[in-house]
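Participant: One predicted model, sequence on top.
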Amino acid sequence: MTRFFHTIVMALCVGTIITLPALSFSVSANVNADTQKASEKKTRRVPTLRGKVYEQLARAQSFADNDQPQEAFAALKDIEDKKSSMNSYEIAMLYNFYGFIYYNLEQADNALESFKKVIEEPGIPESFEQSTLFTLAQLSLMQGNYKDSIHFLERWEYLNVGDVPPKHLFIKAQAYYQDKQYEQAGKFVTQAVKNKEAAGMIPDEGWLILQRAIYYELKQPEKVKDILVKMVKLFDEPKYWIQLAGMYGELGMEKHQLGIMEAAKQQGYLEKASDIFNMAQLYYYHKAPYKCAEMMLQAMNNGILEENLRNLKFLGQCYQLAKEIDKAVPVMQAAAALSNDGEIYAQLSQLLLNIDEFDLAIESAELAIKKGSLRNQGTIHLVLGMAYYNKREFAKSLDQLAQAESFKSSQKMAEQWQKFVSGEQRSFKQNETVIAAD
């Protein structure tokens, strides 16, 4: 068959992919040319593909090449009806052709059954049996029959003379991986990669993806990291830079994690909202809050990050750590308005109290109480008591401090402040009396 079949790709977990190469088949008049193979095994006696059968198969092939599968099947059925007069090689060729047509029609189960009939025939050329076994291994893998795939590959290896090609090792590694036999999978994919590198070639990207996935399943993060270092060097894909940074973080190598993310940022690889947020968190963790705030603000202005509760709250925290209180306040006000509880308003009231914005502190504290669901309501009454004291509104201050006293967590501080405010209130009244007398 002169036409190539489509490539089948199955996506596996953690980015591993299985690729089934395109298959092709054609009938040749020199089909016995491959029957002589240098081997220590006993030479097979292979029957001849007779010219009449060849002509019939060629006719079926002509239909298949012209996208006439039903006509091709009809031609094959005519041949199959005379199966009793055919030798084993001719029967094997018949079912081989059935297999390829089914495969081209994306009927993998039927293709599998046809190819299995090929290897049931005795006395076919070893090269023919090997190619069919490899096709069966790939189809079984595609269909999720992982143990069957391994079985066919092992039969292929028994017939093989010389080293097993790396691509066969890789297919075997995939089958073991899918069958959750990770140790075995690791052995074969590592050998496949080594053989490719020993030949002076770059390992296929999919091979390293599989190797990385296997080490991940085996809980060997150091090896996962080493594979990702290699993938960054070989393929320079943004996703591998991000994944490598993540592995450095998992290994507790935070400085390396920050360095890799910085390099990815400089190359323009941080495009996804999640990556930008993670970078900002790294800046925050490494005591670079202004960079954190700058990155968050720019991403929100560009529409990459939403101005939602999480992002606004974190931006406010970055500004606070950077001592940029004037910038933190409006951001926290926006975050507090989006929150379902009063916690952010409570934090904001304390922040405003510390910068002597007493009216705004009172406003935020009252909004915190109104929204409710506070972890420590006594603290809010303390803030109100302090704010009113600073405004010389002693009665309101003492009222709020009395409420703060009713909460165990704030009881002692409330009692201390009540004594202090009461004393200040008396002093203030005495001063007013003196001034009035004068």
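Facilitator: Thanks, I have it.
Participant: I figured Gln317 hits Tyr283, correct?
Facilitator: No - counting by C-beta atoms under 8 Å, Gln317 stays clear of Tyr283, with 11.6 Å between them. Heads up, the C-betas are built off the backbone N, CA and C, glycines and all.
Participant: I'd assumed Cys175 was in a strand, is it?
Facilitator: One thing to correct before we go on: residue 175 is Ala, not Cys. No - looking at Ala175 with DSSP: H, G, I helix; E, B strand; the rest coil, it is helix, so not inside a strand.
Participant: ok, it - contacts?
Facilitator: By C-beta atoms under 8 Å, 6 or more residues apart in numbering, the contact list for Ala175 reads 137, 140-141, 146-147, 149-150, 153.
Participant: List only those of those residues flagged as buried.
Facilitator: Among those, those classed as buried by 16 or more other C-beta atoms under 10 Å are 137, 140-141, 146, 149-150, 153.
Participant: Between those residues, which sits nearest Gly200?
Facilitator: Leu153 (25.8 Å; C-beta to C-beta).
Participant: Next, give phi and psi for the closest one.
Facilitator: Dihedral angles of Leu153 (phi, psi; degrees, to the nearest 10) stand at phi -70, psi -40.
Participant: Surely it touches Leu133?
Facilitator: Yes - between Leu153 and Leu133 there is a contact under C-beta under 8 Å: 7.5 Å.
Participant: Go through stretch 325-339 and flag the buried ones.
Facilitator: For stretch 325-339, the neighbour count (16+ other C-beta under 10 Å) marks 327-329, 331-336, 339 as buried.
Participant: In TSV, list the residues you listed along with secondary structure and pLDDT.
Facilitator: Converted to TSV, the buried residues of stretch 325-339 look like this (DSSP: H, G, I helix; E, B strand; the rest coil; pLDDT from 0 to 100):
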residue	secondary structure	pLDDT
Lys327	helix	96
Ala328	helix	97
Val329	helix	97
Val331	helix	97
Met332	helix	97
Gln333	helix	96
Ala334	helix	97
Ala335	helix	97
Ala336	helix	97
Ser339	coil	96
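Participant: pLDDT below threshold where in this structure?
Facilitator: For the chain, the stretches with pLDDT under 70 are 1-44, 432-438.
Participant: Quick check: which helices or strands does the longest helix seen in it pack against?
Facilitator: The residue-count maximum for a helix in the chain (DSSP state H) belongs to helix 411-437. Other elements packing on helix 411-437 under the criterion 3 or more C-beta pairs under 8 Å, 6 or more residues apart in numbering; DSSP states H and E are helix 377-390, helix 394-405.
Participant: The stretch 101-250 of the chain: helices as residue ranges?
Facilitator: Under the criterion DSSP state H, counting those that start in this stretch, the stretch 101-250 of the chain contains helices at 108-120, 126-142, 146-159, 166-178, 182-198, 205-217, 221-235, 238-250.
Participant: most packed of the ones you listed?
Facilitator: Stretch with highest mean neighbour count among these: helix 166-178 (a mean of 24; mean count of other C-beta atoms under 10 Å).
Participant: How far does it sit from its chain's centre?
Facilitator: The chain centroid and the centroid of helix 166-178 are separated by 21 Å, computed with C-alpha atoms, centre = their mean, to the nearest Å.
Participant: Put the alpha carbons of that helix into PDB.
Facilitator: Extracted in PDB, the C-alpha atoms of helix 166-178 (Å, rounded to 0.1, in the frame of the first residue of the first chain):
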ATOM      1  CA  PRO A 166      16.500   2.400  20.900                       C
ATOM      2  CA  LYS A 167      13.000   3.000  19.500                       C
ATOM      3  CA  HIS A 168      12.000  -0.600  20.400                       C
ATOM      4  CA  LEU A 169      13.300   0.000  24.000                       C
ATOM      5  CA  PHE A 170      11.300   3.200  24.200                       C
ATOM      6  CA  ILE A 171       8.100   1.400  23.100                       C
ATOM      7  CA  LYS A 172       8.700  -1.300  25.700                       C
ATOM      8  CA  ALA A 173       9.300   1.400  28.300                       C
ATOM      9  CA  GLN A 174       6.000   3.000  27.400                       C
ATOM     10  CA  ALA A 175       4.200  -0.300  27.900                       C
ATOM     11  CA  TYR A 176       5.800  -0.900  31.300                       C
ATOM     12  CA  TYR A 177       5.000   2.700  32.300                       C
ATOM     13  CA  GLN A 178       1.400   2.300  31.400                       C
END
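Participant: between that helix and helix 126-142, how big is the angle?
Facilitator: Helix 166-178 and helix 126-142 are oriented at 30 degrees to each other (axes from the mean of the first three to the mean of the last three C-alpha atoms, to 10 degrees).
Participant: Make 216 the starting number, not 1.
Facilitator: Yes, from this point I'll number from 216; that puts the last item at helix 381-393.
Participant: What is the host helix or strand of Glu578 packed up against?
Facilitator: Element membership of Glu578, judged by DSSP states H and E, is helix 573-586. The helices and strands touching helix 573-586, judged by 3+ C-beta pairs under 8 Å, 6+ apart, are helix 540-553, helix 558-569, helix 592-605.
Participant: Show residues contacting it.
Facilitator: Contacts to helix 573-586, defined as C-beta under 8 Å, 6+ apart, come from residues 544, 548, 551, 554-558, 560-561, 563-565, 567-568, 589, 592, 595, 598-599, 602-603, 605-606.
Participant: Would you state the strands of the stretch 216-365 of the chain in chain order?
Facilitator: Per DSSP state E, counting those that start in this stretch, the stretch 216-365 of the chain carries strands over the ranges 223-226, 232-235.
Participant: So the residue lying closest to Lys440 once chain neighbours are set aside versus Leu449, what's the distance?
Facilitator: Setting aside the residues directly before and after it, Lys440 is nearest to Met462 in space (C-beta to C-beta, 6 or more residues apart in numbering), at 4.3 Å. According to C-beta to C-beta, to the nearest Å, Met462 and Leu449 sit 16 Å apart.
Participant: coming back round to it: buried ones in the longest helix of the chain?
Facilitator: So, applying 16+ other C-beta under 10 Å, buried residues of helix 626-652: 628-629, 632-633, 636, 640.
Participant: Stretch 506-519 now?
Facilitator: Quick answer for stretch 506-519 (16+ other C-beta under 10 Å): 506-512, 514-515.
Participant: Okay, and which of the residues you listed map to helices?
Facilitator: Cross-referencing the buried residues of stretch 506-519 against helices under DSSP H gives 506-512, 514-515.
Participant: which one of those sits closest to Lys445?
Facilitator: Nearest to Lys445 among these, with distances taken as C-beta to C-beta, is Met510, at 29.0 Å.
Participant: For Ala561, list the residues it contacts.
Facilitator: Contacts of Ala561 (C-beta under 8 Å, 6+ apart): 579-580, 583, 589, 591, 594-595, 598.
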